[in-house]
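[1] coords below, sequence missing:
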């Protein structure tokens, strides 16, 4: 096991319902490894079927088109986990995983993962809810890619990010840190230049305002209406 002071599974959301002794027992059966920023944690083409528990750091789930363009599916913060699909069905990886920051990962074997899920109904329910969320998110992205133009997809991605930073009054939102244009482009299947142009247009109309390392959405409802009008919600 890693000698890191955080080398335990107490903050992993999936295992919060277990006792500390049960988490410690699982931790002893995991393999642990540190990764540097931009280092690959899991290759989509690998034979690995382990579940990755993100103990420290932040990682990105990505895939690549035939032309080499990066497609981002999700960013996972510390406390999260991923890789459960291959552990459940024994199939190949659906995406690669890359560290965004210094990251500590505990690798949970498919046997240990399935044993934990089978013996703990609450853990099983957490996994099912996450799989349901993945399906809903994927369905939404498919609809956006099928029905929205590139500009509108950028608006929709900003709205998604803004929802996480919505202020208590529900009127404004703050996105921190300021999203990188290339990251947004990889999420909505467009170019960085398109994202830059759209962001410039939004800034000109005061829909987004940059303040230091944050992007302020002064009128959340206005951005929401822009997206819903095009979606036809």
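    Nice, I can see it. Everything numeric here is computed off the predicted structure, so don't read it as measured data.
[2] list the contacts for residue 26?
    Residue 26 makes contacts with 9, 15, 18, 108, 112, 116, as judged by C-beta atoms under 8 Å, 6 or more residues apart in numbering. Every C-beta, even on glycine, is put in place using the N, C-alpha and C of the backbone.
[3] and residue 201, that one's in a helix?
    Yes - per DSSP: H, G, I helix; E, B strand; the rest coil, residue 201 lies within a helix segment.
[4] Distance check, it against residue 37.
    From residue 201 across to residue 37, the span is 32 Å (C-beta to C-beta, to the nearest Å).
[5] contacting residues for residue 171?
    Residue 171 touches 219-221, counting by C-beta under 8 Å, 6+ apart.
[6] try residue 59
    Residue 59 neighbours (C-beta under 8 Å, 6+ apart): 41, 52, 75-76, 82, 97-100, 103, 105.
[7] would JSON lines of the residues you listed with neighbour count and secondary structure be doable?
    Formatted as JSON lines, the contacts of residue 59 follow (neighbours: other C-beta atoms under 10 Å; DSSP: H, G, I helix; E, B strand; the rest coil):
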{"residue": "41", "neighbour count": "22", "secondary structure": "strand"}
{"residue": "52", "neighbour count": "24", "secondary structure": "strand"}
{"residue": "75", "neighbour count": "14", "secondary structure": "strand"}
{"residue": "76", "neighbour count": "19", "secondary structure": "strand"}
{"residue": "82", "neighbour count": "22", "secondary structure": "strand"}
{"residue": "97", "neighbour count": "23", "secondary structure": "strand"}
{"residue": "98", "neighbour count": "20", "secondary structure": "strand"}
{"residue": "99", "neighbour count": "21", "secondary structure": "strand"}
{"residue": "100", "neighbour count": "17", "secondary structure": "coil"}
{"residue": "103", "neighbour count": "24", "secondary structure": "strand"}
{"residue": "105", "neighbour count": "27", "secondary structure": "strand"}
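[8] just to revisit the earlier point, any idea which of the contacts of residue 171 is closest to residue 86?
    Of all the contacts of residue 171, residue 86 sits closest to residue 220, with 37.7 Å by C-beta to C-beta.
[9] hang on, the closest one packs against residue 164?
    No - applying C-beta atoms under 8 Å, one finds residue 220 not in contact with residue 164, separated by 11.7 Å.
[10] ok, those two, which is more surrounded?
    residue 220 (20 against 10; other C-beta atoms under 10 Å).
[11] all strands in the chain, in order from the N-terminus.
    Along the chain, counting by DSSP state E, strands occupy 31-35, 40-42, 51-56, 58-64, 70-77, 81-82, 96-99, 103-108, 173-175, 209-211, 214-217.
[12] Let me see the contact set for the closest residue to residue 214 other than its chain neighbours.
    Nearest non-adjacent residue to residue 214, counting by C-beta to C-beta, 6 or more residues apart in numbering: residue 176, 4.4 Å away. Taking C-beta under 8 Å, 6+ apart, we find residue 176 in contact with 165, 213-215.
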